[in-house]
Every structure is written in structure tokens, then in C-alpha cells.
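In: this is a predicted model, with the sequence first.
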Amino acid sequence: MSALFNFSSLLQVILLLICSSTYIHSQWPSLFDRYKDTGVLSTFWKLSRIGERASPYVSIACIIMAVNQFNS
């Protein structure tokens, strides 16, 4: 089943995108900053901002999803 149709898988994909974008932005800030207004990379810049500003909530969500994966 596609990750777009399964809600749990969709949440995992979104969390992975947020975490990956935040990590890439912390390592190479200029990569997303120069494209923050236009294009597809602006989505990744926005995801990295969510990861930076909502970091405790994102990390709690990642822990919950990891426990969910171990139980299933």
C-alpha cells in the first residue's frame, strides 16, 4: 500500500522529511536559504523551520512513531 493512503505511513514520511530537512539545513544552511522563496526547495526550507522551531514536539513524535514500529 502506498504511503499516501495509509495515515501512519504518511506521518512517518512527513516526520522523516522534517528531520532530514532540519539536519541538512543545520549542516549546510545556504543550501535551503537561497531557495526559500521559490521552487521545490522552499518546501524543504519550510520543513526545516518546522523542525527547528517545534523541535521538542517533533522529537516526541519520532519517539512515538519508533515505539509504534517496534510494536507492530
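Out: Now that the structure is in, tell me what you want to look at.
In: now the helices for the chain?
Out: 7-27, 29-33, 41-53, 55-71 (DSSP state H).
In: any chance of JSON lines for the ones you listed, columns mean pLDDT and mean neighbour count?
Out: In short, each C-beta sits where N, CA and C put it, glycine included. Formatted as JSON lines, those follow (pLDDT from 0 to 100; neighbours: other CB atoms under 10 Å):
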{"stretch": "helix 7-27", "mean pLDDT": "89", "mean neighbour count": "15"}
{"stretch": "helix 29-33", "mean pLDDT": "85", "mean neighbour count": "13"}
{"stretch": "helix 41-53", "mean pLDDT": "89", "mean neighbour count": "17"}
{"stretch": "helix 55-71", "mean pLDDT": "88", "mean neighbour count": "12"}
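In: quick one: end-to-end length of stretch 28-46, please.
Out: 15 Å (CA to CA, to the nearest Å).
In: how near is the residue positioned nearest the centre of the chain to residue 71?
Out: Central residue of the chain (CA atoms, centre = their mean): residue 18, 1.2 Å from the mean position. Going from residue 18 to residue 71 by CB to CB, to the nearest Å gives 22 Å.
In: need the contact list for the residue lying closest to residue 41 once chain neighbours are set aside.
Out: Excluding the flanking residues, the one nearest residue 41 by CB to CB, 6 or more residues apart in numbering is residue 35, at 3.7 Å. Residues near residue 35 by CB atoms under 8 Å, 6 or more residues apart in numbering: 41-42, 45.
In: phi and psi next, for residue 35.
Out: Main-chain torsions, residue 35, degrees, to the nearest 10: phi -110, psi 20.
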